[in-house]
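Asker: Fold the following and give me the result.
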Amino acid sequence: KQILKQKYKYDTRRQDDFILLGVYGAYKLKESCNILPDDELYITSGIGNIDIFQKCCRHVYEKNQLIRPFDFINLVGNTLSYHIAKSLQLKGKNIFQISDNFTYLNTLILIYASLTMSKKSAIIGTIDHISEEFEKIAKKASGIDEKTTMISSVNFQKLSLKEENALAEIDFENEIYTIEEIKNIMQTFKGNIKCSIRSKELDCQKEQKFFETEIS
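Answerer: Numbers count the residues shown, from 1 in each chain. Okay, here's the model as predicted:
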């Protein structure tokens, strides 16, 4: 919050940590590449804004109170997308989505399909915010054990079908493989292979700390 206020002169009022983390990531991207007003915006998250969800549940089910207006507004996924689009001065397509386990890959497929039609560029942001208060709930929702450390993370990239000024290339398939087929591919593949800490049956490099959209 302090960095957004002091460095970027951003008004942080009425926004929670999940939204502020996303806006921070957007400003960091803005410093490193050219962003056009009609760039498409796609935001995804592993478990979304779990803090505000739990806060609203407590108000309703434990305190028998109404949800506070700004908590309700911040609960809606597109509220995050609105604040990010506003900070980047974007006026194009704006989508927030979460899909179980493969949310980053599914968003990539959606972006690829859209860009082949629109011929524009896209910005993808992945946001995982984990607070100490709701870490146990987040671990249960993510399907990891209590001993594993979860961390907050924000990653933004600008994607294009053009090679000009590209820093890297993303290559992906929308095929589904069995665990044995994956192991066979790994035996013949030359290069570094990384996989999620949740991939118990695969022997490859894994991070010791976890966030859902690590692949980003």
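Asker: From here on, just use CA atoms for contacts and neighbour counts.
Answerer: Noted.
Asker: Assumed Leu12 was part of a helix.
Answerer: Not Leu; residue 12 is Thr. No. Per DSSP: H, G, I helix; E, B strand; the rest coil, Thr12 lies outside any helix segment and is coil.
Asker: how many other residues sit next to it?
Answerer: Using other CA atoms under 10 Å, the number of residues around Thr12 comes to 15.
Asker: ok, it - contacts?
Answerer: Neighbouring residues of Thr12 by CA atoms under 8 Å, 6 or more residues apart in numbering: Lys1, Leu4, Lys5, Leu20.
Asker: For the helix or strand containing the last one, buried residues please.
Answerer: When elements are defined using DSSP states H and E, Leu20 is found to belong to helix 17-32. By neighbour count with 16 or more other CA atoms under 10 Å, helix 17-32 contains the buried residues 17-27, 29-30.
Asker: returning to that earlier point: cross the contacts of Thr12 against helices and list the overlap.
Answerer: Those of the contacts of Thr12 mapping onto helices are Leu4, Lys5, Leu20, per DSSP state H.
Asker: tell me which of the residues you listed is nearest to Thr178?
Answerer: Of all the ones in helices among the contacts of Thr12, Thr178 sits closest to Leu20, with 39.2 Å by CA to CA.
Asker: helix/strand/coil for the spatially most central residue of the chain?
Answerer: The centroid of the chain falls nearest to Thr126 when counting by CA atoms, centre = their mean (1.8 Å). Following three-state DSSP, the label given to Thr126 is strand.
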